[in-house]
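> Sharing a model that was predicted from the sequence below.
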Amino acid sequence: MCTQAVKRINNTWYLMKTRDPVSWMRYGDEIKLFDSPTDRYKKLIIQNPVPYEDGYYGGINARGVAFVSTFVRTSEDQVSYIRKPYIRLILDAATAKEAVEIIKSFNPKIGGNMFVADPVECYGIEATAKDYFVEKVEDESVKANHFCNLPARNINFDNDPEFEVWSKTHEERAKELVMGIKNLEDCEKLLSDRANSETKRAICTTPDEAKVYTYSAFVFDTANKVVRYAQGCPS
């Protein structure tokens, strides 16, 4: 359960994401540098701190190619983007367009709502076990835990109707906020937004409000190759 957005301003792409871990994901995370002979480019990845477990959550490389995603389960055989080594392989790309081709080459396909960008271009991807929908983002975009283009439905909505309301409420609020982003600090304000907290549907949810709450959040600045990262309530 995550909220993510992208914004083009000041000659850079900002990619931002909250991390609201569900029960099968580890709450703790860390930023790790990968710079081995097997890595085409040096890269920073937000990851599970336990090296023998799955869990890559987003990252940026030395070329300014950045990736964020959130899982949208549409079938039982769907593979999550968090599985190793997917994000590490994606960040071998020199450009966002090359990253899209790397993602499309995976077999089996990885599922979810994704954004990938370099300092110039950004792409949004919706992915199931069978299909990819790819669109070039011109100025800004938002994704939560449902698809807006592919007809596939998040099967977890059937067991938890509140989750569907939660996802669409987050998307609607993030769309309002992303239009007003002028700088990196505005990205942080989006990620720490507390509107709708009275119904436990704020973009930044606290442990007192929900079992699935916002553990961390991060922003990637592609042109300047900067990462802003916060744990707890990102404010």
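Nice, I can see it. Residues are numbered from 1 along each chain as shown.
> Could you list the buried residues of the worst-scoring helix or strand of the chain on mean pLDDT?
Lowest on mean pLDDT, DSSP states H and E among the helices and strands of the chain sits helix 156-159, with a mean of 88. For helix 156-159, a neighbour-count test (16 or more other C-beta atoms under 10 Å) marks Asn156, Phe157 as buried. Where C-beta positions appear, they are placed from N, C-alpha and C, glycine not excepted.
> Please save the CA atoms from that helix in PDB.
Output of helix 156-159 as PDB, limited to C-alpha atoms (Å, rounded to 0.1, in the frame of the first residue of the first chain):
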ATOM      1  CA  ASN A 156      -7.400  -7.600  -2.700                       C
ATOM      2  CA  PHE A 157     -10.200  -5.100  -3.100                       C
ATOM      3  CA  ASP A 158     -12.700  -8.000  -3.100                       C
ATOM      4  CA  ASN A 159     -11.700  -9.000   0.400                       C
END
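> Centre of the chain to it, how far?
21 Å (C-alpha atoms, centre = their mean, to the nearest Å).
> Also stretch 221-235?
13 Å.
> Repeat that for stretch 136-143.
Distance, centroid of stretch 136-143 to centroid of chain: 13 Å (C-alpha atoms, centre = their mean).
> got it, and stretch 108-115?
10 Å.
> For it, buried residues please.
Quick answer for stretch 108-115 (16+ other C-beta under 10 Å): Lys109, Ile110, Gly111, Gly112, Asn113, Met114, Phe115.
> Now that the last one has come up, it's in contact with Glu126, right?
Think Phe115. No: counting by C-beta atoms under 8 Å, Phe115 does not reach Glu126; the two are 10.8 Å apart.
> quick one: contacts of the least confident helix or strand of the chain?
For helix 156-159, the external contacting residues (C-beta atoms under 8 Å, 6 or more residues apart in numbering) are Arg73, Asn145, His146, Phe163, Glu164, Ser167.
> ranking these by neighbours, who comes first?
Ranked by neighbour count (other C-beta atoms under 10 Å), those have Asn145 at the top, with 26 neighbours.
> list the contacts for that residue?
So Asn145 contacts Met1, Cys2, Thr70, Phe71, Val72, Asn113, Asn154, Asn156, Phe163, Trp166, Ser167, His170 (C-beta under 8 Å, 6+ apart).
> now these as TSV including secondary structure?
Formatted as TSV, those follow (DSSP: H, G, I helix; E, B strand; the rest coil):
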residue	secondary structure
Met1	coil
Cys2	coil
Thr70	strand
Phe71	coil
Val72	coil
Asn113	strand
Asn154	coil
Asn156	helix
Phe163	helix
Trp166	helix
Ser167	helix
His170	helix
